[in-house]
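Q: The following block contains a protein sequence and its predicted model.
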Amino acid sequence: MLKVLTSSVYMKILENRTARLTLLIDPDKKATFERLCADEDVTPSQMVRKLIRDYIEQRMGPDWKEHVFKDRQVEL
């Protein structure tokens, strides 16, 4: 049987979400961001992760996962 990984499954397998990113922003901007995220039914953390992935892909190209996660092994 051939197993195919979708992009979202690939990310869930390879991402190790243990690193923390702390930033300071204006309280009004934070509240607006949280409201806009809620409007799209996503958490602010989910949106920030998406924005980071999009930025990395913009800078490194569509095959960025192969470079970023090159040392991780996936067992199916």
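A: Perfect, thanks for sending it. On a predicted model such as this, the values are computed, not experimentally measured, just so you know.

Q: From the rest of the structure, what touches the top helix by length along the chain?
A: Assignment by DSSP state H gives helix 44-60 as the longest helix of the chain. By CB atoms under 8 Å, 6 or more residues apart in numbering, the surrounding residues in contact with helix 44-60 are 11, 21, 33-34, 37, 40, 42, 64, 67-68. In short, each C-beta sits where N, CA and C put it, glycine included.

Q: among those residues, which ones are buried?
A: residue 37 (16 or more other CB atoms under 10 Å).

Q: Pipe the contacts of helix 44-60 into a markdown table and attach distance to residue 49 per row.
A: Below are these laid out as a markdown table (distance: CB to CB, whole Å):
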| residue | distance to residue 49 |
| --- | --- |
| 11 | 9 |
| 21 | 10 |
| 33 | 14 |
| 34 | 15 |
| 37 | 12 |
| 40 | 14 |
| 42 | 10 |
| 64 | 14 |
| 67 | 18 |
| 68 | 13 |
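
Q: Looking at the contacts of helix 44-60, which two lie furthest apart in space?
A: Among those, the pair separated by the greatest distance (CB to CB) is 34 and 67, at 32.3 Å.

Q: give me the low-pLDDT residue ranges for the chain?
A: 1-14, 73-76 (pLDDT under 70).

Q: what about residue 66, distance to residue 72?
A: Computed as CB to CB, to the nearest Å, the residue 66 to residue 72 distance reads 11 Å.

Q: what residue is smack in the middle of the chain?
A: With distances taken as CA atoms, centre = their mean, the residue of the chain nearest its centroid is residue 49 (3.4 Å).
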